[in-house]
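Below are the sequence and a predicted model; questions follow.
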Amino acid sequence: MHSGRLAGNVLRFGRLLRDAGLPVGSDRIMLGLQALKLTGLESREDFRCVLAASLLDRADQQAIFDEAFERFWVTPDLFALSGPQQQTDTPAQAAPLSEATELEPSRNRRLAEAFAKLHGADELAALGERRERVQAASDRELLRQADFDSMSADEWRDAQRLITQWQMQLPRIRTRRLRPAAQGNRPDWRRIAAESARRGGDITRIARLATGTRPTPLVALVDVSGSMSRYSRSFLLFLHALANAERSTQAFLFGTRLTSVTRALRQRDPDQALQACTRVTQDWAGGTRIGASLHEFNLKWSRRVLGQNATVLLVTDGLERGQTEQLAFETERLSKSCHRLLWLNPLLRYRGFEPKAAGVRAIMPHVDAHLPVHNMDSLEQLSGALGALGKHPRTASESL
């Protein structure tokens, strides 16, 4: 096998994936070169599979890898490089892009920036033009509508800053405890008597009391499986701001098992809080067992955290790999244990979304609202929906 141009291109391909956000180190690149020496280049598909097995470690990285592979390895005589006629002292160069590939924009902005950094002038100029148009049309407005999964690194940092600054309104309920109020409907005889005693028996004003309110407890069950990783990270930032403002907020993460991260989210710094959540969650970006995780929550946690009219946020795409009968039963049980059950689903970003998956159909009948959670706008809609929830009785099928 030729060890000049091909080895150099594999090295640059690994750097491209790293710039796009994948954790591809030099050890994985060396592993890929060693694997190619053993397997050879029998076909393009074999070549792709060898690189994927060497450079990737999680299933959720496959989509970015496939797009990068199709756009990078476009040399027609790629597999002729292994023949003796290709022996040459030409320096290693990246495989040239075809015209069709240059004109086709990447769906992932981080990957587009990585190609711009690799191939320079043309794509970088196009990206600069697009950024100028974005700024002219209002950076903030487009950032609010950008999908979390396709944000560039700069956009993701801007989104993080905005999320941590938000103030979310929780539903409030009346309490039996009375509080001082200028327009209260009950006289506060204790304060009236105390003020009268200080003024020699004169009553100068009538102190009043009114019924107080408090925010309802909020419990979030967040899916951190491979398909939900990016959205879950964004929602945890949103939840972090709330957990530091309202002490009645509880947070749980699940993939194949359930993990409580309430204490981790209480840290002041959002980056440290997310790192703490990642450390205590052993199945981050792994598989999905929604029904089993809800069963564990209903069995061990529901009585402890679902009192006082708690609202539950179930953040998942509903793509269950286990038994949907168990998922339907546990979702119904959860719905009956809380005041409101809101399902936040990133799949609602698709206009043609239909509940065809068995897991989605199992959850749908038992939730009070089905809301998107894929961009900044959807998080703001969630904040408004939570603020609109009162203490009115739950209807058969409530939609917000």
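Noted; the coordinates are in hand.

Helices of the stretch 1-150 of the chain, start to end?
With DSSP state H, counting those that start in this stretch, the ranges of helices along the stretch 1-150 of the chain come out as 5-19, 26-39, 44-55, 62-72, 99-103, 109-119, 121-136, 139-145.

again, but for the stretch 151-300 of the chain
Residue ranges of the helices in the stretch 151-300 of the chain, as given by DSSP H, counting those that start in this stretch, are 153-165, 189-198, 229-245, 262-265, 270-280, 290-300.

before we move on, back to that, if you average pLDDT over each of the helices of the stretch 1-150 of the chain, which is lowest?
Between these, the lowest average pLDDT goes to helix 99-103, which shows a mean of 38.

May I ask which helix or strand of this protein has the lowest mean pLDDT?
Within the chain, confidence by mean pLDDT, DSSP states H and E is lowest for helix 99-103 among all helices and strands, at a mean of 38.

How confident is the prediction for the most centrally placed residue in the chain, by pLDDT?
Centroid-nearest residue in the chain, with Cα atoms, centre = their mean: Tyr231, separated by 1.4 Å. Confidence per residue is given as pLDDT, and for Tyr231 that number is 86.

Surely it and Phe148 touch.
Yes - at 5.5 Å, Tyr231 and Phe148 qualify as touching, with contact defined as Cβ atoms under 8 Å. (C-beta placed from N, C-alpha, C; glycine too.)

separation between Leu22 and Leu236?
In this structure, Leu22 lies at 21 Å from Leu236, with Cβ to Cβ, to the nearest Å as the measure.

between those two, which one's more packed in?
Neighbours were counted for Leu22 and for Leu236 using other Cβ atoms under 10 Å; Leu236 has more, 25 against 21.

so who does Ala181 touch?
Contacts for Ala181 (Cβ atoms under 8 Å, 6 or more residues apart in numbering) come out as Arg208, Leu209, Ala210.

again, only using 10 Å
With contacts defined as Cβ atoms under 10 Å, 6 or more residues apart in numbering, the neighbours of Ala181 are Asp188, Ala207, Arg208, Leu209, Ala210, Thr211, Gly212.

Tell me which of those fall in strands.
Residues from these lying in strands, with DSSP state E as the criterion: Arg208, Leu209, Ala210, Thr211, Gly212.

tell me which of these is nearest to Cys49?
For the ones in strands among the contacts of Ala181, the minimum distance to Cys49 (Cβ to Cβ) is 63.7 Å, reached by Gly212.

what domains does the record give for the chain?
Residue ranges of the domains in the chain are recorded as 5-137, 175-214, 217-388, according to automatic domain parsing.

List the buried residues in the shortest one.
Within domain 175-214, the residues that count as buried by 16 or more other Cβ atoms under 10 Å are Gly184, Asp188, Ile192, Glu195, Ala207, Arg208, Leu209, Ala210.

For that domain, what does the pLDDT average out to?
Regarding domain 175-214, the rounded mean pLDDT is 85.

cool, stretch 378-391 as well?
Per-residue pLDDT values over stretch 378-391 give a mean of 69.

and if you look at stretch 344-358?
In this model, stretch 344-358 carries a mean pLDDT of 87.

Please point out which parts of it sit buried.
The neighbour-count criterion (16+ other Cβ under 10 Å) identifies Leu344, Asn345, Pro346, Leu347, Leu348, Arg349 as the buried residues of stretch 344-358.

Let me have the residues you listed in a markdown table, adding distance to His295 and secondary structure as columns.
Written out in a markdown table, the entries for the buried residues of stretch 344-358 read as follows (distance: Cβ to Cβ, whole Å; DSSP: H, G, I helix; E, B strand; the rest coil):
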| residue | distance to His295 | secondary structure |
| --- | --- | --- |
| Leu344 | 20 | strand |
| Asn345 | 20 | coil |
| Pro346 | 23 | helix |
| Leu347 | 23 | helix |
| Leu348 | 25 | helix |
| Arg349 | 29 | helix |
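
Many thanks, we can stop here.
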